[in-house]
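Novice: Fold the following.
(one chain, ligands or ions: 1)
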Amino acid sequence: MNVLVFAEHIDGSFKKSTFEALSYAKAITGTTSVAALVIGEIDAEKLSELGKYGANKVLHDSQALYNTFDGAAYAAIIANVAQQEQAKVLVISNSYCGKNIAPRVAVKLKAGIVSGVVSLPKIEGTNFIVRKPVFSGKGLADVAIETEVKVLAITPNSYQLNESPAEATVQNIQSDAQPICQSLEIKRATGKIPLTEAEIVVSGGRGWKGPENWGMIEELALILGGATACSKPVSDMHWRSHEEHVGQTGITIKPNLYIAAGISGAIQHLAGVSSSKVIVVINKDPEAPFFKAADYGIVGDVFEVMPQIIAAAKKFKAS
Ligand SMILES: Cc1cc2nc3c(=O)[nH]c(=O)nc-3n(C[C@H](O)[C@H](O)[C@H](O)COP(=O)(O)OP(=O)(O)OC[C@H]3O[C@@H](n4cnc5c(N)ncnc54)[C@H](O)[C@@H]3O)c2cc1C
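Specialist: Numbering: from 1, shown residues only. Here you go, the predicted structure:
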């Protein structure tokens, strides 16, 4: 079965979710080939990173006009390449870009699509079934895709990275898709660990009362070498930027350690963080629902507990 992966990169660096998508594709195909499609300029040696996660073939359209993301143009390129490669399965990360592209690609290819996939497909005869969370993660649905071509938008952090070194041959391609939007300026957060890639995340909710109190969240994240996150109301009230909002309507994360301070643990929040390896909850209400999902819980006021954790973390780091 030919599988094509859209290999997303930012300013010439592949995202962790790209390697997850490749690992996922390799697991579907087993020993047969996985093709990866890269759009926009990127250093040649970076392309070889794709081989490490199982890509045998890398198709690269390096035209500078595609350096800025454009959903319509990218979808047209992906659909064309999928047809040329006779790909039966397309794997796209369900990232911000992936959410934009995957449905467009599915329409162009008249393919069935499942977004938010969290499992490898179960393939039995002509049955092709994948799993995705539904009702904010309260349930899981097994969805059968019946079209010949299938588009899978996989949830970042839902599939582990697997190295399976392959020699990736690079083939340059040239598309004629025209971008329809032009980004005049892109401002990226600098000097910060991207939330989806962080091994440690320190997160705050409405319990912090206001943006002026976020110093402690940032300080602990800095000491631990982690990223900061927040609940939806916190970003809705503009205490923090929307890039930090985790949950059903925000980003899905799967760090080794998730520290949730002053967050109630509503089902919509848990939908984005419950796969974290270890969850530590700090809340003054012993009945807060988050404690049911926690590995470690501290019942207490964040304004009293957090300074103690910061002091302990500093001491530990210094020792
Ligand atoms: C369709 C839909 C989608 C949604 N998507 C998301 C989503 O993606 N992400 C998300 O987060 N939410 C989402 N929500 C909102 C969600 O339902 C909750 O309302 C939200 O998560 C609550 O945020 P919170 O825990 O910060 O605030 P609150 O519910 O107000 O909880 C604050 C918590 O802080 C504790 N607290 C207060 N003061 C202190 C203190 N001094 N020390 C310690 N603890 C303290 C309180 O006991 C309480 O548990 C969504 C809702 C809907 C309807």
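Novice: okay, and for the chain, where does confidence drop off?
Specialist: By pLDDT under 70, the low-scoring segments of the chain are 31, 189-191.
Novice: Around the ligand, pick out the residues from it.
Specialist: By CB under 6 Å from any ligand atom, the residues of the chain that approach the ligand are 205-207, 231-234, 247-250, 262-264, 266, 268-269, 272, 283-285, 288, 301-303. In this view, the C-beta of every residue, glycine as well, is placed from N, C-alpha and C.
Novice: Just the ones of those in strands?
Specialist: residue 283 (DSSP state E).
Novice: Distance check, the residue nearest to residue 78 when sequence neighbours are not counted against residue 292.
Specialist: Leaving out its chain neighbours, the residue that sits closest to residue 78 by CB to CB, 6 or more residues apart in numbering is residue 105, at 5.0 Å. Residue 105 is 39 Å from residue 292, where distance means CB to CB, to the nearest Å.
Novice: Also residue 72?
Specialist: 44 Å.
Novice: likewise residue 195?
Specialist: For residue 195 relative to residue 292 (CB to CB), the value is 24 Å.
Novice: helix, strand or coil for the closest residue to residue 55 other than its chain neighbours?
Specialist: Excluding its sequence neighbours, the residue lying closest to residue 55 (CB to CB, 6+ apart) is residue 36, at 4.1 Å. Assigned by DSSP: H, G, I helix; E, B strand; the rest coil, the conformation of residue 36 is strand.
Novice: what does residue 183 give?
Specialist: On the basis of three-state DSSP, residue 183 is classed as coil.
Novice: mind listing what it touches?
Specialist: Counting by CB atoms under 8 Å, 6 or more residues apart in numbering, residue 183 makes contact with 68-69.
Novice: still on that earlier bit, name the helix or strand for the residue nearest to residue 78, please.
Specialist: Taking DSSP states H and E as the criterion, residue 105 maps to helix 96-109.
Novice: Now that helix: buried residues?
Specialist: By neighbour count on 16 or more other CB atoms under 10 Å, the buried set for helix 96-109 is 97-98, 100-106, 108-109.
Novice: Nearest to the ligand among those?
Specialist: The nearest member of those to the ligand, counting by CB to the nearest ligand atom, is residue 98 at 17.6 Å.
Novice: Once you drop chain neighbours, what's closest to that closest one?
Specialist: residue 92 (4.5 Å).
Novice: State the three-state secondary structure for the one you found.
Specialist: Following three-state DSSP, residue 92 is assigned to strand.
Novice: which strand residues sit across from it in the sheet?
Specialist: Residues in a beta bridge with residue 92, per DSSP bridges, are residue 153.
Novice: Which residues are in contact with it?
Specialist: Residue 92 makes contacts with 5-6, 21, 78, 98, 101-102, 105, 151-154, as judged by CB under 8 Å, 6+ apart.
Novice: again, 10 Å this time
Specialist: By CB atoms under 10 Å, 6 or more residues apart in numbering, residue 92 lies in contact with 4-8, 17-18, 21, 37, 74-75, 78, 98-103, 105-106, 113, 115, 117, 151-154.
Novice: again with residue 208
Specialist: 214, 216-217, 230-231, 234, 239-240, 261-263, 302-303, 306.
Novice: got it, and residue 56?
Specialist: 26, 29, 32-36, 50, 166-169.
Novice: gap between it and the ligand?
Specialist: Residue 56 sits 38 Å away from the ligand, going by CB to the nearest ligand atom, to the nearest Å.
Novice: Begin at 24 from now on, thanks
Specialist: Fine by me, first position is 24 from now on; the one you just mentioned is residue 79.
Novice: Would you mind checking the contacts of residue 115 for buried ones?
Specialist: Neighbour-count burial (16+ other CB under 10 Å) applied to these gives 27-31, 40-41, 44, 60, 97-98, 101, 121, 123-126, 128-129, 136, 138, 140, 174-177.
Novice: returning to what we had before: pick out whichever of residue 95 and residue 315 has more residues nearby.
Specialist: residue 95 (15 against 11; other CB atoms under 10 Å).
Novice: That one is in what secondary structure piece?
Specialist: Per DSSP H and E: residue 95 is located in helix 94-107.
Novice: Identify the residues contacting the residue nearest to residue 313 when sequence neighbours are not counted.
Specialist: Closest residue to residue 313 apart from its sequence neighbours, by CB to CB, 6+ apart: residue 288 at 2.5 Å. Applying CB under 10 Å, 6+ apart, we find residue 288 in contact with 228, 254, 296-297, 302, 304, 306, 311-317.
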